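**Student:** Structure for the following, please:
(chains A and B)
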Amino acid sequence: GAVVSQHPSRVICKSGTSVKIECRSLDFQATTMFWYRQFPKQSLMLMATSNEGSKATYEQGVEKDKFLINHASLTLSTLTVTSAHPEDSSFYICSVTGGRSYEQYFGPGTRLTVT
Amino acid sequence: DAKTTQPTSMDCAEGRAANLPCNHSTISGNEYVYWYRQIHSQGPQYIIHGLKNNETNEMASLIITEDRKSSTLILPHATLRDTAVYYCIVRDPNDYKLSFGAGTTVTVRA
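**Tutor:** Alright, predicted model coming up:
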């Protein structure tokens, strides 16, 4: 399967600041990338879908102005949490798909803590 | 509406086969059954998928009933590293999205 990395793996930021999370597909041209959020003891919730070179599609209830997604290339997507608040503290996970198969390959996740 | 139903949790003995059931009684004719697992504090890992035939790979086997209303994921020789949450997901082949339910928390015990 595809190798997907995320950076940083953990980040702590102060309330009101913005934080950027990178998702890289290391050996796979990802035409589509997904961003998920997972709160403690809960399942993954899809936040948005992004296709390379076009605007992301956000799921209902996800604020597009708060969670900025950029998918500038086939190997890189970024999620920026703007004006972060403690309730944004969560585990953020990206996944990639594309090519001949329909499997999604997930990154290791980024633990965001907003103080 | 949940498309799949899985037991909340199950324990397995190390070295024994682990059989994880999943009900998907409303599955459509062209929808696939996918299995992923998530080890604590990591991203999900793809295990296997199938449409109607049984499938096997280096990680597991997938047995789908003839009416496709249920399936079983089989881990042939469970190890402690197989402790994870296992998700059974039904997916339309034309839709990349995956909808994760609560999954089954599998604990492999020595």
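**Student:** Tell me the confidence at residue 70?
**Tutor:** As the question left the chain open, I've gone with chain A. What the model reports as pLDDT for residue A:70 is 90.
**Student:** try chain B instead
**Tutor:** In this model, residue B:70 is scored at 97, pLDDT.
**Student:** For chain A, see how far away it is.
**Tutor:** For residue B:70, the distance to chain A equals 20 Å [C-beta to the nearest C-beta, to the nearest Å]. (Glycine included, C-beta is placed from N, CA and C.)
**Student:** To what extent is that residue buried, counted in neighbours?
**Tutor:** Residue B:70 is flanked by 18 other residues according to other C-beta atoms under 10 Å in any protein chain shown.
**Student:** Next: the one 4 residues further on.
**Tutor:** Residue B:74: 16 surrounding residues under other C-beta under 10 Å.
**Student:** could you measure it against residue B:86, distance?
**Tutor:** 11 Å (C-beta to C-beta, to the nearest Å).
**Student:** Now the common contact residues for those two.
**Tutor:** Counting by C-beta atoms under 8 Å, 6 or more residues apart in numbering or on different chains, the shared contacts of residue B:74 and residue B:86 are residue B:20.
**Student:** what residues does chain B put near chain A?
**Tutor:** Proximity of chain B to chain A (C-beta under 8 Å from any C-beta of the partner chain) is limited to residues B:34, B:38, B:41-46, B:49, B:87, B:91, B:93, B:96-103.
**Student:** try 10 Å this time
**Tutor:** B:32, B:34, B:36, B:38, B:41-46, B:48-49, B:85, B:87, B:89, B:91-103 (C-beta under 10 Å from any C-beta of the partner chain).
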